[in-house]
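**Q** need coordinates for the below:
(one chain, ligands or ions: 2)
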Amino acid sequence: MIKSLTTKELKELDKFTIQKIGIPSLVLMERASLAIRDITLAQHYDLSKVVIVAGYGNNGGDGLAVARLLKIKGVNVSIINVGNAKHESSEHATQSKICDYYKIPTTSRLASLSSATLVIDAIFGVGIDRPVTGEYLTAIQAINHSATTVSIDVPSGLNSDTGIPLNEAVHADLTIAIAFNKLGFNTNSGKEYTGKVIVADDMGIYYF
Ligand SMILES: NC(=O)C1=CN([C@@H]2O[C@H](COP(=O)(O)OP(=O)(O)OC[C@H]3O[C@@H](n4cnc5c(N)ncnc54)[C@H](O)[C@@H]3O)[C@@H](O)[C@H]2O)[C@H](O)CC1
Ligand SMILES: [K+]
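**A** Ligands and ions are numbered 1, 2, ... in the order given. I've put the predicted structure just below:
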């Protein structure tokens, strides 16, 4: 049984791996995104129109990297950015610049969700720390009325320690948990939101 960790434990391991051992966070992001790409492709979803909904933190950064990796494979992919660009993480900024070179169509409008054949949810991961409101709530509700959905790491809006939504959360068909399973995914409420869970565990996180 794969060990399930709390957000606090996960963040401590991430920090130790990056700051003490010295594996750059962008390397972890790339490894995570390659695994997400491969697991997503292995599901044989209808990829005729893939829409990635990305926040401005590192969960969103994973989403942008997955968009690029799918584009390189010839997949028709576009990005919807949600939130405040001023709060962009440095890794997100790096991934965004890379996406520009691959000319991936990007918008902040949710309209393209209605014709998506696959949605990849990259708004929030383990960094969510308060109830979702405003455009985040609207985006999550729009995702829940759209196509098959893959959530990166955590269904956006879900508290991954308790499995309870912070106001509202994405109802995913598949959640690809990065590095470790999350404690909240084992609760009845959590299972309602994660859908199938696959743990991408070969992430290089130092686990003592
Ligand atoms: N564990 C690993 O090996 C890796 C994990 N990665 C991914 O990183 C995210 C966590 O990223 P982080 O930047 O810490 O947070 P999020 O992207 O989840 O959230 C972004 C940001 O949003 C703010 N916020 C929190 N709650 C709200 C709210 N209700 N409304 C508005 N804004 C909110 C808060 O400031 C957060 O910082 C993890 O899940 C993985 O996907 C690495 O990329 C790869 C390696
Ligand atoms: K997510």
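**Q** name the nearest residue to Ser108, sequence neighbours excluded.
**A** Leaving aside its sequence neighbours, Ser108 sits nearest to Asn81 (Cβ to Cβ, 6 or more residues apart in numbering; 5.2 Å). From N, CA and C alone the C-beta is placed, and that goes for glycine too.
**Q** doesn't Leu110 make contact with that neighbour?
**A** No - Asn81 is not in contact with Leu110 according to Cβ atoms under 8 Å; the separation is 10.7 Å.
**Q** neighbour-wise, which of the two wins?
**A** Between Asn81 and Leu110, Asn81 has the larger neighbour count (other Cβ atoms under 10 Å), namely 23 against 18.
**Q** which residues of the chain lie near ligand 2?
**A** Asn59, Asp121, Ser151, Ile152, Ser156 (Cβ under 5 Å from the ion).
**Q** could you rerun that using 8 Å?
**A** For the chain, the residues in contact with ligand 2 (Cβ under 8 Å from the ion) are 55, 59, 63, 121-125, 151-156, 170.
**Q** give me every residue that touches His171.
**A** Counting by Cβ atoms under 8 Å, 6 or more residues apart in numbering, His171 makes contact with Asn144, Thr149, Pro155, Glu192, Tyr193, Gly195.
**Q** now swap in Gly63 and tell me
**A** Per Cβ under 8 Å, 6+ apart, neighbours of Gly63: Ile52, Val53, Ala54, Gly55, Ile79, Ile120, Asp121, Ala122, Ile152.
**Q** next, give phi and psi for the nearest residue to it once chain neighbours are set aside.
**A** Nearest residue to Gly63 in three dimensions, chain neighbours excluded: Ala122, at 2.5 Å (Cβ to Cβ, 6+ apart). Dihedral pair for Ala122: phi -130, psi 40, per degrees, to the nearest 10.
**Q** quick check: beta-bridge partners of Ala122?
**A** Beta-bridge pairing for Ala122 (DSSP bridges): Ala54.
**Q** how near is it to ligand 1?
**A** From Ala122 across to ligand 1, the span is 7 Å (Cβ to the nearest ligand atom, to the nearest Å).
**Q** also Ser108?
**A** 15 Å.
**Q** over to Val51?
**A** Counting by Cβ to the nearest ligand atom, the gap from Val51 to ligand 1 is 18 Å.
**Q** does that residue belong to a helix, a strand or coil?
**A** strand (DSSP: H, G, I helix; E, B strand; the rest coil).
**Q** so how far is Ile143 from Pro165?
**A** The spacing between Pro165 and Ile143, counted by Cβ to Cβ, to the nearest Å, is 13 Å.
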